[in-house]
Each structure stands twice: as structure tokens, then as C-alpha cells.
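**Student:** sequence below, structure please.
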Amino acid sequence: MDHRLSPKDLPRAKFFAVATLAVLFENPASATSANGVYSAQPLYLFGVPVDFILFGLTLLGVAVFHHKTLQVALAGLVAVTLYKLLFTGFRQGEGLTGLMFQLHHEWVTLANLFLLLIGFAIMSRHFEKSRIPDAMPAFLSNGWSGGLALLAIVFVSSSFLDNIAAALIGGTMARHVFKGKVHIGYLAAIVAAANAGGSGSVVGDTTTTMMWIDGISPLRVVEAYVAAVAGFLIYGIPAALVQHRHSPIKKDAQRGLHIEWTYVGIVAAILIIAIVANVIANLKFPTVLDAVPVIGLALWIVILATAPLRQPDWAIMPETLKGTVFLLALVTNASFMPVEELPVASWQTALGLGFLSSVFDNIPLTALALKQGGYDWGFLAYSVGFGGSMIWFGSSAGVAISNMYPEAKSVGLWLRHGWFVAVSYIVGFIVMLAIVGWTADAPHKKRVELDMNYKLASVERSTTTPETGVTDEAAGRPHSAPGARTTGHGRAAPAHPIAGFLALLEAWA
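**Tutor:** I've put the predicted structure just below:
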């Protein structure tokens with residue numbers, strides 16, 4: 001089957017890549033760090049940092065030449081690396097020394113992604129060999145509702161599993177219940193369910209775990225499920241209907257099917273140990289997470305320890321390695337970008353970060369937001385967690401699914417058949433804005449402890465007039481979004497959703 005980008009898909013792919021990157025291009029000067037982290041100023045071409053131009057061309061190349069995604073991603077990484085070596089330097093310094101320090105700073109994140117993507121691919125094969133997917137048709141209802149129920153299983157499981165694991169389990173079940181004929185739109189919905197399901201849980205996604213480590217209460221993150229559930233209905237029902245027309249569930253589970261419980265036990269052990277290692281490290285040894293890829297190592301210890309019981313399927317390694325190296329190349333490239341500051345914290349910014357996370361790694365975006373403060377963390381968790389679902393390489397779950405289903409590695413097909421994912425992201429955000437309302441949080445524990453220079457500098461600032469919507473930061477009260485009301489408790493009262501929506505439309509116009 002030919003999955004090349006058709007001429008009518010090309011403008012859509014170009015527009016999506018350019019429009020997403022435009023969030024960063026709007027104010028190039030703000031991309032430069034004010035605290036001198038960069039060793040040299042980035043070079044600009046037509047007011048845009050050359051770093052972003054090279055990265056944008058890489059993303060466009062991935063969209064157009066999706067049969068050569070690995071080569072394009074590696075070529076883009078080499079181009080950006082050479083540019084920074086020769087002209088601007090890296091965040092940690094200049095030349096090869098700066099590059100080495102930069103990679104040292106990022107190696108734990110990259111190592112964890114590598115170990116998790118490879119390890120969860122092995123785990124998904126164990127799950128497949130357990131024969132549980134063969135028994136699934138007997139438990140799912142006939143018609144499109146069965147496909148919706150499968151997506152719900154992925155959504156719920158992602159609240160306590162890693163989103164990669166949830167997506168691969170969903171992809172494995174889909175392959176069996178639909179007899180290998182899985183529609184690309186349904187694959188996009190699986191990735192969306194895996195990402196959205198973990199957006200309200202501090203153990204369900206790396207970004208929410210980062211918030212938890214930084215001192216944000218899990219109760220502030222859980223409100224993301226308001227948007228995630230609303231979005232699920234928007235993408236889940238159309239995806240289930242499309243899949244039912246493409247290939248309905250076959251209610252022909254084998255009679256007398258024997259479940260391989262050894263495989264089931266190994267899969268359970270992998271998941272439990274990964275979760276326990278993550279929770280213990282976060283609660284007891286948070287500094288270790290910055291030095292050692294704890295979760296990835298824990299997962300592989302179980303895989304290797306149980307190998308004598310059931311041999312892993314090493315045959316899947318070549319294809320899985322290609323997809324994994326591709327994602328690592330994009331993540332590394334994104335980490336080189338001069339994104340040191342974000343616009344003023346507001347619901348408009350949070351909404352834009354969701355689109356940005358479809359092409360940028362959401363981990364550094366989350367780190368910047370945590371450093372900046374002043375967000376409603378439930379909104380941010382939903383945005384950076386769910387936003388990556390809009391493009392197949394926008395999240396590690398999407399890359400994992402695309403390794404399993406290579407036909408999904410097309411930006412044009414993903415956007416055309418999975419259009420409801422982007423729509424559901426916007427609808428879910430608006431529903432959450434209307435029901436919960438944006439409430440900018442006061443500085444959380446970690447930020448108060450670590451951002452002392454910012455607080456000391458704030459003492460010198462004078463209190464502005466109430467019309468500006470900014471209160472005295474020296475008193476520990478955060479900036480409010482434009483148009484927001486403030487309360488007497490140091491927190492901004494929720495801005496009226498209709499007024500905020502009109503303001504956004506006016507800004508876009």
C-alpha cells in the first residue's frame with residue numbers, strides 16, 4: 001500500500017508544522033535567556049533564530065519523506081549540532097565541551113526513553129504471546145461500541161501505566177480483535193487515549209510526575225480529567241465508527257483457548273516494578289532521578305531476570321531500534337533549541353503549548369513552565385500531555401504505535417484520518433475552561449525554594465495598578481492573566497471563559 005504524502009496533503013502538513021513553530025517565532029527576542037545560560041546569542045534570519053529554521057525544516061522533511069524519517073531526523077540533528085558548534089555554542093558552553101555538557105545534562109531523559117521504548121516493545125510481545133488478546137473478542141461487544149470500549153481500556157490503564165505501555169497494549173489488542181486491519185484514525189485514537197488517560201495522574205505521564213516532584217499537589221493535576229474525558233468522547237466515538245466500517249470486531253475467539261499465565265505474570269511484574277521504582281524514587285530519592293534512568297533500568301532488570309522463564313522476542317529489535325533512534329534524534333534536537341522563556345502564563349499560553357508539544361518534546365516545555373510558575377497546573381497537564389497526540393511523532397506513545405504499525409508514519413494520513421484528535425483537544429480544553437475555570441496557582445513549594453533570585457529581584461518592583469492584572473510579586477502573589485480577577489488569597493480568580501475566548505479570537509485576528 002502506497003502511503004506517500006499526496007499533493008493535497010502536502011499543504012496541510014506544511015501549514016501544521018509552520019503554524020506550530022510560529023508560537024515560538026512570535027517573539028524571537030524572548031527566546032534568549034535572560035539569565036545568561038546560553039554561551040552566545042542565537043543568530044536570526046528574518047527575525048527568526050536559525051536554530052528554529054533548521055528544526056522546522058527537519059519536521060517538514062519528516063512530514064514529506066516519511067519513508068526516510070530516521071535519515072531525515074539524523075540529518076537534522078547533525079545540521080543543528082554543526083551550526084551550534086560553529087556559530088552559537090550550546091546551553092552549557094561553547095564548542096565540543098559545551099556539546100558534551102549538554103548531552104550529559106540530557107542523558108538521563110534520553111536513556112530512559114531508549115530503555116522504555118525498547119523494553120515496552122518486548123513487553124507487548126509477551127502480552128501478545130499470553131493469548132489474552134486472542135480472548136478479547138469474547139469480552140468486547142459487537143459493533144462500534146466494542147472499539148470504543150477498547151479505547152476506554154487504554155485510557156483507564158494509562159492512568160497508572162506509562163503511556164507507552166498503555167498504547168502498545170492497546171495496539172496489540174486492536175491487532176487481534178480487528179484481525180490486523182486497524183485504521184490509521186483508530187491508531188491515532190489509541191495514542192490519544194494513552195496520552196490523555198495519564199494527563200490527570202502523577203504516575204501516568206512523565207510531565208505530571210515532574211509536576212509532582214516540583215511540589216505541585218496531585219489534586220491540582222487530577223482536574224485535567226475534566227478535559228480528558230470530554231475529549232475522549234469527541235475522538236473515541238468517530239474513531240470507533242471509522243474502525244467498525246474499516247474492519248469490525250470478529251466475535252470468533254478460539255474455543256478452549258489456553259492462557260499462558262507465565263507471560264501474564266512477567267508482564268504484570270514489568271509494570272508493577274516500573275511503577276514502584278518510579279514512586280519510590282520520586283518520594284524517597286528524587287535526586288537519583290536526575291542522575292540515573294531509574295524506570296528504564298528497573299524495567300530491563302525484570303525483563304532479563306525473567307528471560308529464563310520466557311525468552312524475549314529479540315526479532316523485533318531492528319525495527320524497534322529504528323523508531324527509537326528516530327524519536328531520540330528529535331528529542332535531542334528539540335533540547336538544543338533556544339527556548340528559555342515562555343509567554344506570560346495564561347490559558348491562551350497553555351492552549352498553545354499543547355499544539356507546540358505535537359512537534360516539541362513536552363518534557364523541556366514542562367520544565368520551563370514549572371520554572372516560570374503562575375499556571376493552572378491541571379490545564380498545563382492536559383495540554384502538554386494530550387497535545388503530542390496530534391502528530392504520530394509528537395509523543396513517545398505515537399512513535400511506539402508507529403513501530404508496530406509502520407503505515408502510520410505519515411503526517412498527512414495521520415492528520416487526515418485522525419482529524420478528530422486535534423478537534424477533541426480544543427473541545428476538551430474549552431469544556432474544562434467553562435466547568436473548572438482558569439485559576440493561576442500560587443508559587444508551589446519547589447519554586448519558592450529554588451527561585452530565590454527571582455523573588456529578591458521582585459522586591460525592587462513596584463506594585464502596578466489593578467487594571468494591569470499584576471499584583472506585587474514581593475508579597476508572593478503571582479501574575480494574573482490579562483483580564484483575570486484577583487482574590488484576597490493570593491490567587492487569581494478564574495477569568496470568565498467567554499471573555500477569554502473572545503480575547504483569543506481577537507489575538508488570532
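
**Student:** please pull out the lowest mean pLDDT helix or strand from the protein.
**Tutor:** strand 485-486 (a mean of 39; mean pLDDT, DSSP states H and E).

**Student:** so for the closest residue to residue 90 other than its chain neighbours, what's the pLDDT?
**Tutor:** In space, and not counting its chain neighbours, residue 90 is closest to residue 98: 3.7 Å by Cβ to Cβ, 6 or more residues apart in numbering. C-betas here are computed from N, CA, C, even on glycine. You'll see residue 98 listed with a pLDDT of 88.

**Student:** after the longest helix anywhere in the chain, next one along is what?
**Tutor:** Ranked by number of residues, the top helix in the chain under DSSP state H is helix 95-129. Using DSSP states H and E, the helix or strand that follows helix 95-129 in sequence is helix 132-135.

**Student:** so for the helix or strand just after that following helix, what gets flagged as buried?
**Tutor:** Toward the C-terminal end, the helix or strand that comes next after helix 132-135 (DSSP H and E) is helix 144-157. Within helix 144-157, the residues that qualify as buried are 144, 146-151, 153-155, 157, counting by 16 or more other Cβ atoms under 10 Å.

**Student:** as JSON lines, those with pLDDT would be great.
**Tutor:** Output for the buried residues of helix 144-157, formatted as JSON lines (pLDDT from 0 to 100):
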{"residue": "144", "pLDDT": "92"}
{"residue": "146", "pLDDT": "91"}
{"residue": "147", "pLDDT": "92"}
{"residue": "148", "pLDDT": "94"}
{"residue": "149", "pLDDT": "93"}
{"residue": "150", "pLDDT": "93"}
{"residue": "151", "pLDDT": "95"}
{"residue": "153", "pLDDT": "91"}
{"residue": "154", "pLDDT": "92"}
{"residue": "155", "pLDDT": "94"}
{"residue": "157", "pLDDT": "85"}
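
**Student:** could you identify the most distant pair in these?
**Tutor:** Farthest pair in the buried residues of helix 144-157 (Cβ to Cβ) is 144 and 157. Separation: 20.6 Å.

**Student:** burial measure for residue 104, as a count.
**Tutor:** 10 (other Cβ atoms under 10 Å).

**Student:** residue ranges for the helices of the stretch 301-450 of the chain, please.
**Tutor:** Ranges of helices within the stretch 301-450 of the chain are 317-335, 347-356, 362-372, 377-386, 396-404, 411-417, 419-435, 445-450, based on DSSP state H, counting those that start in this stretch.

**Student:** do you know which of the ones you listed lies nearest residue 310?
**Tutor:** helix 317-335 (16.4 Å).

**Student:** I figured residue 126 was touching residue 266, is that so?
**Tutor:** Yes. Residue 126 lies in contact with residue 266 (Cβ atoms under 8 Å); the separation is 5.4 Å.

**Student:** pull up the overlap in contacts between the two.
**Tutor:** residue 310 (Cβ atoms under 8 Å, 6 or more residues apart in numbering).

**Student:** as a markdown table, the buried residues of helix 144-157 with distance to residue 402 would be great.
**Tutor:** Output for these, formatted as a markdown table (distance: Cβ to Cβ, whole Å):
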| residue | distance to residue 402 |
| --- | --- |
| 144 | 24 |
| 146 | 24 |
| 147 | 20 |
| 148 | 22 |
| 149 | 24 |
| 150 | 19 |
| 151 | 18 |
| 153 | 20 |
| 154 | 16 |
| 155 | 20 |
| 157 | 20 |
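
**Student:** which residue ranges of the stretch 151-300 of the chain form helices?
**Tutor:** Assigned by DSSP H, counting those that start in this stretch, the stretch 151-300 of the chain shows helices spanning 163-177, 184-197, 206-213, 218-221, 224-246, 261-284, 294-305.

**Student:** among those, which gets the worst mean confidence?
**Tutor:** The weakest mean pLDDT among those belongs to helix 206-213, with a mean of 75.

**Student:** which sections of the chain are below the confidence cut-off?
**Tutor:** Where the chain drops to pLDDT under 70, the residues are 1-40, 66, 203, 213-214, 251-256, 339-342, 361, 364, 443-509.

**Student:** tell me the buried residues in the longest helix of the chain?
**Tutor:** Neighbour-count burial for helix 95-129 flags 98-99, 102, 106, 108-110, 112-129 (criterion: 16+ other Cβ under 10 Å).

**Student:** now do stretch 401-416
**Tutor:** Buried, per 16+ other Cβ under 10 Å, within stretch 401-416: 401-405, 408-416.
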